[in-house]
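Chemist: Provided below for reference: sequence and predicted model.
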Amino acid sequence: MTVREKAEQVLRGLPEEQVPVALDALEAIERDGRVLKVLRERYPQKSEGELMESLAKIEQGDEAIERMRERFRGVPSEEIEREAVKAVREVRRERRRRGDRQWRPRSARSCGSSTTGSESPRGL
């Protein structure tokens, strides 16, 4: 008998009002199990604790994305992009003001470019 079959057997013994909550929990466990399996395959050197931490970060990211979708539902994407560009520019100005010369955009660090924090490959 598989774990799923055992779980379904337990579900049959639950009061009707508890079944939806139990099914949600079972689906979450199965989904987490699938994600952990993929993580184990990709990162065999990581401990179980490190894999669980990675899973938690993935779930936090998913939750944050969902919150942002809710918050900005109905807002035109052009407006969101315009505000994002403004925020990036503001952060860069502040870093330059503080003299943070070590900071460069990730794309410049990874390709060995001589781009400083004041420039951007996309003109941001």
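Modeler: On my side now, so go ahead.
Chemist: CA only for contacts and neighbour counts going forward, please
Modeler: Noted.
Chemist: how near is Phe72 to Ala64?
Modeler: Applying CA to CA, to the nearest Å, the value for Phe72 to Ala64 is 12 Å.
Chemist: and Arg71, by the same measure?
Modeler: Look at Arg71 and Ala64: by CA to CA, they are 10 Å apart.
Chemist: and for Val38?
Modeler: Distance of Val38 to Ala64, computed by CA to CA: 22 Å.
Chemist: same question, Arg31
Modeler: Per CA to CA, Arg31 is found 18 Å from Ala64.
Chemist: go on, Gly99?
Modeler: Using CA to CA, Gly99 is found at 31 Å from Ala64.
Chemist: over to Glu16?
Modeler: 32 Å.
Chemist: looking at these two, which is more packed in?
Modeler: More crowded of Glu16 and Ala64, by other CA atoms under 10 Å: Ala64, with 12 against 9.
Chemist: so where do the strands sit in this structure?
Modeler: Using DSSP state E, the chain contains no strands.
Chemist: now tell me what touches stretch 13-29 from outside.
Modeler: With CA atoms under 8 Å, 6 or more residues apart in numbering as the test, stretch 13-29 has contacts from Ala7, Leu11.
Chemist: what about it, average pLDDT?
Modeler: What stretch 13-29 shows for mean pLDDT is 87.
Chemist: can you give me the buried ones in it?
Modeler: Buried positions in stretch 13-29, judged by neighbour count with 16 or more other CA atoms under 10 Å: Val19, Ala22, Leu26.
Chemist: any weak-confidence spans in the chain?
Modeler: For the chain, residues meeting the criterion pLDDT under 70 lie at 101-124.
Chemist: make it 50
Modeler: The model of the chain has pLDDT under 50 over residues 112-124.
Chemist: how many other residues sit next to Met95?
Modeler: Just to correct that, residue 95 is Arg rather than Met. Arg95: 16 neighbours (other CA under 10 Å).
Chemist: one more: the one 3 residues further on?
Modeler: By other CA under 10 Å, the residues close to Arg98 number 9.
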